[in-house]
Every structure is written in structure tokens, then in C-alpha cells.
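> fold the following, please.
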Amino acid sequence: IIAGVEAAYKRTQEMGQETKEWESKWVNLFRFFFLFWAIFAPIFTISFKPFYGIIKGMHTKPTSAYVHIPFCTQICFYCDFSKVFIKNQPVDAYLEHLIQEFRREEITNLRTLYIGGGTPTALTADQLAYLLKELTKSLDLSQMEELTIEANPGDLDPDKIAVLKDSPVNRVSLGVQTFDNRLLKKIGRSHQEQDIYDNIDRLKLAGFDNISIDLIYALPTQTMEQVQENVAKALALDIPHMSLYSLILENHTVFMNRMRRGKLPLPKEEMEAEMFEYIIQEMERAGFEHYEISNFSKPGFESRHNLMYWDNAEYYGLGAGASGYVDGIRYKNHGPIRHYMQAVEEGNARVQEEHLTQTEMMEEEMFLGLRKKTGVSKKRFEEKFGVNFDQQYGSVVEKLIQQGLLVPDKDIVRMTKKGLFLGDTVAEKFILE
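Numbers count the residues shown, from 1 in each chain. You can find the predicted model right below:
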């Protein structure tokens, strides 16, 4: 026993000596790296600076999500979004697969959640309640600033409004498009003017104060007088947000097919410009801020979710045909319902991915940021991408200022009213060769 104790004591002393030698080696190694960093850190800081913003963003999860409900009770003549006529569709199965995709992302903290379509309110009240419950039950709702749902005035009945009232939804966006019953029929909409008033009255009675409507101008045969009447009726609704878009002809739509056959009488470009100027003038006169090319709000009621897009932030895209932007990758999900559901079952709903280069990210920063009235901050751009803004885009900005398309400003790049109307033309100038 004594011999065993003596042997153990001796081994303990040897281990202590080994520990001291090991500690000494690590101290020396630490000293080496400290001196190495002190000498070469400035070089590495400069070398990796262009990637700093990208690397920094890779470690944070998006705080916004878009959820797509592709079902409609009527297919509009101008719409090219991913959608199907709801009759005979596997709606319940689709919702279950959508929730499965949502859970797979392990989303717990969102600032904004936007449920669009299609037409989310084409769902039954029970299906809508299921969707909202399953989407939000794992979320920290104390972090949720805005939960928007799109609605069609023809589909939003009292039962569905009651479902929305009992959910975390705090913003409703109505697809009004026009107040003119004749034009509503011409563009393939199923609701009537009176449905708009009825829905907004019911939403207000249910306690919703953050209501938005979409309107389209430059519709076929539409006159300036009709646009003026639309704006007047919209302002009379006493709501805090409106989106007014000029008609855009998209491939694979009824309107594009008619235009190609010469059977779509659209207002002239000069008339469209006058309509746009009139809308801006009347909306600003009524106290609305023109905060984005097509969007107007009362103070504090800007669409936080859409501002996220225009700030070029990352977000989840969930559902059939949805697009997302995560970890520097822009992606799109399978569009056909059954293809989407099969892909979810196989573990990946995506059908297309694009890994953006830094050049592409900078271009998108400009395309999207210029849509905002506040424009693009040169300082924020430099912090995000680690490049000198004026060296990258200085000559482009100077030319556009001379053409009256950008406002002269040493800190912010933003468009004039003339530039806003020619937004796409201005954005094209920021494509890097």
C-alpha cells in the first residue's frame, strides 16, 4: 500500500511538471499570434474590408418572412403571380405542407410577416384560422411589429374578419384596384364598389386601424377624370396607407395577349405621366408621405415589410412559387401546387437558387434603395460593402444629377419627381459593367 501511495505521488509530480511545460508552450504561442496580429492586422483589415458586410450578414437570421397562398376565386387579367383557381384544389394539404416548410426553417423571431397571394382570403374561415394559428404559435409575438394579410373585398366576409380579429394580424391590405364597377369587370375583378366600403367599415369596427388599399391607374380606356374620381374616393375612406401602381403588362396574362392582338386601348405615356403627377399632388395635399415610388402613407404607417425589401434585407419566402433571400442566396420555390408539396416532403421546396456576387448585391442595393424617397445612404453603402461609393458610382450619379433625375446631395442618392417616373431607366444606370 505504501509503495502504491509513493508511486502515485511521484506520478502527480511528473504530471505537474508536464502541465507547466504545456502551459509554457501555449503562453509562447499566444505571444506569437499577438505580435503577428499587431503587425499584420492593418493589412488584413484592408484586404478583407470589401467582404466585411457580407460576412457580418451571414451570421444573422432574417427577421421577415413572406408566405404565399396561391389560391384565387377569380383570375385577374393583369396578374402574373403564382396562382390557381381554388376550385378542386388540395387546399388543406397545401396548408399542411406550407406549415411543414415554415417549421423546418425554425423561425422564432420575426419583425414582419406578410401573407400574400393569390388571395389569402379565398380560404375558408376555418382554413384561415388554421393558417394563422400554425404560423404564429412558435413566434415570439412581442418581437412582431407588423403582420399583414392581403384580402380581396369580394372574399372578406364577417366570419373571416372575426378570424383576423382573434389573430395577431395587425394590418390588412385590400386589393381594390379601382372604384369603377365597369372597369372592375374589364380587368377581371369579382368585387363591386360597395364591397370596398362594406369591408373597410367592418374592419374598422373590428378594431383595425392599419388598413391599406391597392389601386391601379393607366388601365385600358381609363381617363384622367376617372383617376381623379378614384383618388377622391380613396381619400374619403380615411385610411392611413395606399399603394398606387401603373398597369404593367406581364407575359402569360390576358392583357398581354390582347395587347399583342392590338385589342388593348391603353392611355398614352404622356397621359400616364400626368396621372402619376396628379396622384402625387393630391396624396401629398391630403397629408400622405410619398415614401416610395408607388406607396403613400400617413406618418408612422409605412409598410415595414415592404421597406425591408427596399432596404435590400434578407427574408424567408415560403409557399408555392414564393421567392426568398437568405445567406446571400436568392431562391424560388416550386410553383405548381403538387410539385411544391412533393418537394417539401423531400426536404427542399426550392427549384431555383442564385448565389449573388458582391457586384450583384451592390446593384440590387441601388435598384431597390432608389425606390424610396429617402434613397440610398452613401455611408451605409460603404459600411455594408466596404467600398468607396464615389469611386464606384460617382460619375453615374453626376450624370443623372445633370439630367435632373437625381437630387444633388453629398450624403444621399435619391431621385427627383422626374426620376421617380423614369425609375427603371435611372436604376439601369447603376448596373456595373
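
> okay, CA-based contacts and neighbour counts for the rest of this
Will do.

> now do the residue nearest to the spatial centre of the chain against residue 393, distance only.
Residue closest to the mean C-alpha point of the chain, counted by C-alpha atoms, centre = their mean, is residue 309 at 3.8 Å. Distance, residue 309 to residue 393, using C-alpha to C-alpha, to the nearest Å: 22 Å.

> and residue 363, by the same measure?
Distance of residue 363 to residue 393, computed by C-alpha to C-alpha: 10 Å.

> looking at the two now, which is surrounded by more residues?
Neighbours were counted for residue 363 and for residue 393 using other C-alpha atoms under 10 Å; residue 363 has more, 18 against 14.

> report the distance from the strand or helix carrying the more buried one to the chain centre.
Element membership of residue 363, judged by DSSP states H and E, is helix 358-369. Relative to the centre of its chain, helix 358-369 is centred 15 Å away, using C-alpha atoms, centre = their mean, to the nearest Å.

> tell me the helix or strand right after that helix.
Next along the chain after helix 358-369, taking DSSP H and E as the criterion, comes strand 376-377.

> in its sheet, what does that next one sit against?
Strand 376-377 sits in its sheet next to strand 412-413 (antiparallel), going by DSSP bridges.

> who touches the partner strand?
370, 374-378, 397, 406-407 (C-alpha atoms under 8 Å, 6 or more residues apart in numbering).

> so which of those is the most crowded?
residue 370 leads the contacts of strand 412-413 on contacts (other C-alpha under 10 Å) with 27 neighbours.

> quick check on that one: phi, psi?
Note on residue 370: backbone dihedrals following degrees, to the nearest 10 are phi -70, psi -20.

> got it, and residue 175?
Backbone torsions of residue 175, given as degrees, to the nearest 10, read phi -80, psi 80.

> what does stretch 392-406 rub up against?
407-408, 413-420, 426, 429-430.

> hey, where'd the helices end up in the stretch 151-300 of the chain?
Secondary structure of the stretch 151-300 of the chain by DSSP state H, counting those that start in this stretch: the helices cover 158-165, 181-186, 193-205, 224-236, 254-260, 269-285.

> that older thread, who touches both of residue 363 and residue 393?
Joint contacts of residue 363 and residue 393 (C-alpha under 8 Å, 6+ apart) are residue 430.

> picking that back up, show me what the helix holding residue 363 is packed against.
The contact analysis (3 or more C-alpha pairs under 8 Å, 6 or more residues apart in numbering; DSSP states H and E) places helix 358-369 against helix 304-310, strand 376-377, helix 378-385, helix 423-428.

> residue 163 versus residue 124, what's the distance?
Taken as C-alpha to C-alpha, the span from residue 124 to residue 163 is 10 Å.

> residue 89: what secondary structure?
Of the three states, residue 89 takes coil under DSSP: H, G, I helix; E, B strand; the rest coil.

> how near is it to residue 308?
Separation of residue 89 from residue 308 (C-alpha to C-alpha) stands at 32 Å.

> neighbour count for the two, which is higher?
Neighbour totals were compared for residue 89 and residue 308, and residue 308 leads with 17 against 13 (other C-alpha under 10 Å).
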